[in-house]
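In: Predicted model and sequence below, questions to follow.
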Amino acid sequence: MRAIVGTGWPADFARGRALILGLLEKKLARSLATHPSPSPAAFARERELLVLAAETLVREEERHALETGSEPVYVEASLGMPPGEHGTALDHPDPIPVALPGGLAIRARGRVDRIDGTGGADGGWAIWDYKTGSTWGYDRADPFPEGRKIQPYLYFKMVERRLRDALGPQAAVRSFGYFFAGAKGRGERIGWDAGRLAAGQEVLAGLCRIIASGAFAATTDADKDCRLCDYRAACGAVEAQAAASIRKIQAGEPLLEPLRVLRAKSLAKATGRREEEE
């Protein structure tokens, strides 16, 4: 993407494939020089998966560009942190303020994979975050599943703030999306428009109230939140922890009110299931 930015080069699968596979072979050669593969068969398999991911990315890019007229403008923009190997005009060393209701704010930082000009007359922008895994755990209807994911809103507001600082107050982010370019994701995109993303302010406010209160209930759903957690052992019996959190919320514990609001739908379902079992 960095090689294409600013060149006016239209998306084209054949040329894009030649470019990305050339870059891949160079990186593979450097990697082999320092980390030899355990066997030719293992190397061939790993290379096959990387080639598939590279070809998927280029093919999907061609389709997306033809359908939307968008093109990458900023790649790996460093917001609130030192620039990476390749800087962009949006880079800023200081954390970016993200407003909360009531005049409060938090400061956030992150490295944004990609920001596209959408090609429309309004001069809007679209944010894309690359994912190498599958789409499991991502909800097309909800960018913030009960407060479990807040990145879409943070990047939405951080990037818009920097675009307006750099380009003027008319700059507007129109969407945020995840691009699953790896072998598991097969080029799928999951995204949300600015109207849907705006609801993230209340989600973020609820999460901040939980942190400020110091009441850190581990979870209300051990199966959903703990199955793949690297720190599961630290919580002991996660099912019991989740049940205890639910009991405290249902008893009206005021410090857990923000969590009750965020998890209202799943808590209602859990209560219904228990009543049926009883």
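Out: Now that the structure is in, tell me what you want to look at.
In: Specify the helix with the largest residue count in the protein.
Out: The residue-count maximum for a helix in the chain (DSSP state H) belongs to helix 40-68.
In: What is that helix packed up against?
Out: For helix 40-68, the elements it packs on are helix 13-34, judged by 3 or more C-beta pairs under 8 Å, 6 or more residues apart in numbering; DSSP states H and E. Where you see a C-beta, it was placed from the backbone N, CA and C, and this is true even at glycine.
In: so what does the helix it packs on touch, helix or strand wise?
Out: Partner elements for helix 13-34 (3+ C-beta pairs under 8 Å, 6+ apart): helix 40-68.
In: can you pull the buried residues of the helix it packs on?
Out: Neighbour-count burial for helix 40-68 flags 50-51, 53-62, 64-65 (criterion: 16 or more other C-beta atoms under 10 Å).
In: Let me know the next secondary structure element after it.
Out: Note on helix 40-68: by DSSP states H and E, the next helix or strand toward the C-terminus is strand 71-79.
In: who's in contact with that next one?
Out: With C-beta atoms under 8 Å, 6 or more residues apart in numbering as the test, strand 71-79 has contacts from 1-2, 4-6, 11, 65, 84, 86-92, 96, 108-117, 119, 125, 158-159, 162.
In: need the buried residues of helix 40-68 in TSV with pLDDT, can you?
Out: Formatted as TSV, the buried residues of helix 40-68 follow (pLDDT from 0 to 100):
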residue	pLDDT
50	93
51	94
53	91
54	93
55	94
56	91
57	91
58	92
59	93
60	93
61	91
62	92
64	92
65	90
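In: What is the nearest of those to residue 154?
Out: residue 64 (23.6 Å; C-beta to C-beta).
In: Where do the strands of this structure begin and end?
Out: Using DSSP state E, the strands assigned to the chain run over residues 71-79, 96-99, 105-108, 110-117, 125-131, 173-180, 188-193.
In: CA atoms only for the fifth one - export them in CSV, please.
Out: When you say that, I think you mean strand 125-131. Taking C-alpha atoms only, strand 125-131 is exported to CSV below (Å, rounded to 0.1, in the frame of the first residue of the first chain):
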residue,chain,number,x,y,z
TRP,A,125,-12.3,9.3,4.9
ALA,A,126,-12.5,5.6,5.8
ILE,A,127,-10.4,3.7,8.4
TRP,A,128,-9.3,0.1,7.8
ASP,A,129,-7.7,-2.1,10.4
TYR,A,130,-6.1,-5.3,9.1
LYS,A,131,-6.8,-8.7,10.8
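In: that older thread, need the max-distance pair from the buried residues of helix 40-68.
Out: Greatest spatial distance in these: 50 and 65, 22.6 Å, computed using C-beta to C-beta.
In: just for the chain, where's the confidence low?
Out: Applying pLDDT under 70 to the chain flags the ranges 120-122, 270-278.
In: Domain-wise, how is it divided?
Out: Using automatic domain parsing, the domain parsing of the chain gives 1-68, 69-198, 214-277.
In: which residues touch the closest residue to residue 154 other than its chain neighbours?
Out: Using C-beta to C-beta, 6 or more residues apart in numbering and skipping residues adjacent in sequence, the residue nearest residue 154 is residue 108, 5.2 Å away. For residue 108, the contacting residues are 79, 80, 95, 96, 98, 154, 158, by C-beta under 8 Å, 6+ apart.
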